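Q: structure, please.
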Amino acid sequence: MRWPAPLRRFFRHLRYLIKLHGTPWLPRIDFLSRMLLLFGCLGGLSYLVYQLGFMDTALAANRPDRIPPILFSLFFSGMLLRCLMHFREWRHTRLFVADCLLLLLNGLVLWGFHAGGAAPKALRFLLHPYCLYALLAVLSFIHLSQMSLGFLRRRIKPTMLFILSFLFLIFIGTGLLLVPRVTYDGISFVDALFMAASSVCVTGLTVVDVGQTFTLEGQLIILTLIQVGGIGVITFTSFFALSFIGSASVGGQLVLKDMLNEKNLGNLFRALALIMAISFMLEAIGAYLIYQSIAGTMSGMREEIFMAVFHAVSAYCNAGISPLSDSLGGALLDNHRLHFWIACLILVGGIGFPIILNYLRLLRHVLGNVVRWLFGRQQIYHHKPHIIQLHTTLVLATTAVLVVGGTLLFYFSERHNTLAELPAWAQWSESFFYATALRTAGFATYGVSLLSSPALLFTMMVMAIGASPMSTAGGIKTTTVAVAALTAYHIIQGRDEVEVRGRRLERSTIRQAFSIIALFTGYVFVVTLVLCFIEPDMSLKDLLFETISATATVGSSMGITGSFSTAGKCCLILSMFIGRIGVLTFFSGITRDVEPKRYAYPYDTVLLN
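A: Below you'll find the model as predicted:
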């Protein structure tokens, strides 16, 4: 986009005057622009919560109509100052046109406020309350995302930044769920905190009936928390921030590179954009398939569309939260096609973003070679390109073993129990759903408490294993178990190195795998022991199941979550939070790094067997 010559001369002359006469004031003006945008963001979000959350209450009887002009003035002033101060950098951002459009809309809104009733009819559309709310939300989210990258420039451990991002979102969600309009009869602080933590950590444990407790606004808040928590707070904010400011600092890019497992710094934005695009595309496809499965089963088309979108997001993010009182049971108990699509969404969301990106890289490589061969620029070659990583192989192999083995075990252990009244094909379908949903998501058709002992024991084991790294689910992770099993196998054979597909595993990876297993097992044991003192009336089996479900962010329940005391709920909240972060990540984030020593102690032996 090329600006008109008079406008370019004006900005060039204005920038020259600022540099000539205002050099000592430049840092102060830059700081002023940041403060204006910060106050605009905080004020805008507070105004939205006030207007949308208290609109039908006595607190909103006198709505402050003078606040929107002040907020838009803050945004306009801050954006204009930033434009003048950093015009050269600003015009090279990826969404420069969108940023210009936002600045123009901001100016038109201010003009409309100033003109009042004399404003043109076309401009009055922008002054509609819902248009103002939408514009305020977009401006606040974009500028807060840009400010969030400032934390990456500071010397904060990436693990601590990861922890703080989820903690911040949980408390924001708690405050939103306490707003009067999002519930029918109100909710306590602990229950709101529990529901916010369960949504952000994509766990799925609930202490209240979502459909009967929360209004449509409340369910939308829970859906948003699931979406942001599933894909990742930093992934969301970094994508929008990099979209509007072009690039982050070198330190910020290194932090994002480690979090996204991306080898090339130049591909950060592409990786973020692919993660966002693939997630929304899969959720949209899933919502359509779910809608086709439930069409005609509810009161109206709007409710069916909302339920389809909610369950698609909840399934892809492995949350397992449903607005329906009976989850996927009740009226949907015999809808096996619905159960199948939800199980597929759970699987796709649980394999992790690196797997999808890895196969997209392979597809691009193959298609590129085919095109070059068709045009005679390359000969056919017969070697296998080394694009599929070892991580991808381990994830797919372990997931296949868990799903196929789980389907067989559930079929043979439940065909005379919960699945006894179903035909043979439906028994296999529900066994596949059991093996998938009870491992990571927590959706339920029949009550978990009705399962046989072998199925219940297997459920606790696969819940602890969980899904794959950098996915929307939690647990020990499939690769951790695969590395531990391969290490044990090679030790039994008397081999020093762990070799898989022509590659050796690093010793640091092996140490990390066994550390995760030890920390997870120890944490579950300690929390279960504490719950035995807090909830003496509950059985050990039920408490152990709830603890594993919370720590592995699964959400399956024996039906006793709502009966926990306040202290018991707090234990589960902490377990959900630590489980979503990762046990090893959490404890390494809250401890100080030890500087490496320049010397080493002599080795010694300890008897182990």
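Q: in contact with the closest residue to Ser327 other than its chain neighbours, which residues?
A: Closest residue to Ser327 apart from its sequence neighbours, by CB to CB, 6 or more residues apart in numbering: Ala444 at 5.0 Å. The way it works is simple: take the backbone N, C-alpha and C, and place the C-beta from them, glycine included. Residues near Ala444 by CB atoms under 8 Å, 6 or more residues apart in numbering: 320, 327-329, 437-438, 556.
Q: how does it look with 10 Å?
A: Ala444 makes contact with 204, 320, 322, 326-329, 433-434, 437-438, 450, 555-557, 559, according to CB atoms under 10 Å, 6 or more residues apart in numbering.
Q: give me the three-state assignment for it.
A: coil (DSSP: H, G, I helix; E, B strand; the rest coil).
Q: and the gap between it and Pro454?
A: 18 Å (CB to CB, to the nearest Å).
Q: got it, and Ala482?
A: Separation of Ala482 from Pro454 (CB to CB) stands at 23 Å.
Q: which one's more surrounded, these two?
A: Ala482 (22 against 13; other CB atoms under 10 Å).
Q: got a pLDDT number for the more buried one?
A: In this model, Ala482 is scored at 93, pLDDT.
Q: can you give me the buried ones in the helix or strand harbouring it?
A: Assigned by DSSP states H and E, Ala482 belongs to helix 478-492. Within helix 478-492, the residues that count as buried by 16 or more other CB atoms under 10 Å are 478-484, 486-487, 490.
Q: toward the C-terminus from that helix, list the very next helix or strand.
A: Sequence-wise, the next helix or strand downstream of helix 478-492 (DSSP H and E) is strand 499-500.
Q: now do the helix holding Ala482: which elements does it pack against?
A: With contacts taken as 3 or more CB pairs under 10 Å, 6 or more residues apart in numbering; DSSP states H and E, helix 478-492 sits against helix 390-414, helix 453-465, strand 499-500, helix 507-534.
Q: let's go with 8 Å and repeat that
A: Helices and strands touching helix 478-492, by 3 or more CB pairs under 8 Å, 6 or more residues apart in numbering; DSSP states H and E, are helix 390-414, helix 507-534.
Q: dump the buried residues of helix 478-492 to JSON lines, plus distance to Arg361.
A: Putting those into JSON lines (distance: CB to CB, whole Å) gives the following:
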{"residue": "Thr478", "distance to Arg361": "21"}
{"residue": "Thr479", "distance to Arg361": "19"}
{"residue": "Thr480", "distance to Arg361": "24"}
{"residue": "Val481", "distance to Arg361": "26"}
{"residue": "Ala482", "distance to Arg361": "22"}
{"residue": "Val483", "distance to Arg361": "23"}
{"residue": "Ala484", "distance to Arg361": "28"}
{"residue": "Leu486", "distance to Arg361": "25"}
{"residue": "Thr487", "distance to Arg361": "28"}
{"residue": "His490", "distance to Arg361": "29"}
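Q: out of the residues you listed, which one sits closest to Arg82?
A: If you rank those by distance to Arg82 using CB to CB, Thr479 comes first, at 43.4 Å.
Q: relative to Ala420, which of the helices and strands packed on helix 478-492 is closest?
A: For the helices and strands packed on helix 478-492, proximity to Ala420 was assessed by CB to CB; helix 390-414 is nearest, at 8.2 Å.
Q: check which helices and strands that closest one is in contact with.
A: helix 336-350, helix 353-374, helix 424-440, helix 453-465, helix 478-492, strand 499-500.
Q: and these as CSV, adding distance to Leu176?
A: Listed next are these as CSV, based on distance: least, CB to CB, whole Å:
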stretch, distance to Leu176
helix 336-350, 24
helix 353-374, 27
helix 424-440, 26
helix 453-465, 29
helix 478-492, 34
strand 499-500, 46
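Q: just so I know, which of these lies nearest Phe514?
A: Closest approach to Phe514 among the helices and strands packed on helix 390-414 (CB to CB): helix 478-492, 6.2 Å.
Q: list the contacts of that closest one.
A: Outside helix 478-492, the residues that touch it by CB under 8 Å, 6+ apart are 391, 394-395, 397-399, 402, 465-469, 497-500, 505, 509-510, 513-514, 516-517.
Q: output it as CSV, restricted to C-alpha atoms.
A: Output in CSV follows, covering the C-alpha atoms of helix 478-492 (Å, rounded to 0.1, in the frame of the first residue of the first chain):
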residue,chain,number,x,y,z
THR,A,478,2.6,-40.7,25.6
THR,A,479,6.2,-40.0,24.6
THR,A,480,7.3,-40.1,28.3
VAL,A,481,5.8,-43.6,28.7
ALA,A,482,7.3,-44.7,25.3
VAL,A,483,10.8,-43.4,26.3
ALA,A,484,10.6,-45.1,29.7
ALA,A,485,9.4,-48.4,28.2
LEU,A,486,12.1,-48.3,25.5
THR,A,487,14.8,-47.6,28.1
ALA,A,488,13.7,-50.5,30.3
TYR,A,489,13.7,-52.8,27.2
HIS,A,490,17.2,-51.8,26.3
ILE,A,491,18.5,-52.1,29.9
ILE,A,492,17.0,-55.7,30.0
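Q: residue contacts, Thr174?
A: By CB under 8 Å, 6+ apart, Thr174 lies in contact with 189, 192-193, 196.
Q: 6 Å instead?
A: Counting by CB atoms under 6 Å, 6 or more residues apart in numbering, Thr174 touches 192-193, 196.
Q: and the buried residues of helix 478-492, which two are furthest apart?
A: Thr478 and His490 (18.6 Å).
Q: quick one: Thr479 and Cys201, what's the gap?
A: Thr479 is 20 Å from Cys201, by CB to CB.
Q: same question for Phe587.
A: If you go by CB to CB, the gap between Phe587 and Cys201 works out to 17 Å.
Q: neighbour-wise, which of those two wins?
A: Neighbour count, other CB under 10 Å: between Phe587 and Cys201, Cys201 has more, with 29 against 15.
Q: pretty sure the more buried one contacts Ile578?
A: No. The criterion here is CB atoms under 6 Å, and Cys201 misses it with Ile578 at 9.1 Å.
Q: between the two, what contacts are shared?
A: Residues touching both Cys201 and Ile578 by CB under 6 Å, 6+ apart: none at all.
Q: now do the contacts for the most centrally placed residue in the chain.
A: In the chain, the residue lying closest to the centroid (CA atoms, centre = their mean) is Gly230, at 2.2 Å. Gly230 sits next to 202, 317, 472 when contact means CB under 6 Å, 6+ apart.
Q: looking at pLDDT only, which of those residues scores worst?
A: For the contacts of Gly230, the least confident position by pLDDT is Thr472, scoring 80.
Q: for that residue, helix, strand, or coil?
A: Secondary structure assignment for Thr472 (three-state DSSP): coil.
Q: who's in contact with it?
A: Thr472 touches 202, 230, 317-318, 349, counting by CB under 6 Å, 6+ apart.
Q: in helices, which of those residues fall?
A: If you go by DSSP state H, these have 230, 349 in helices.
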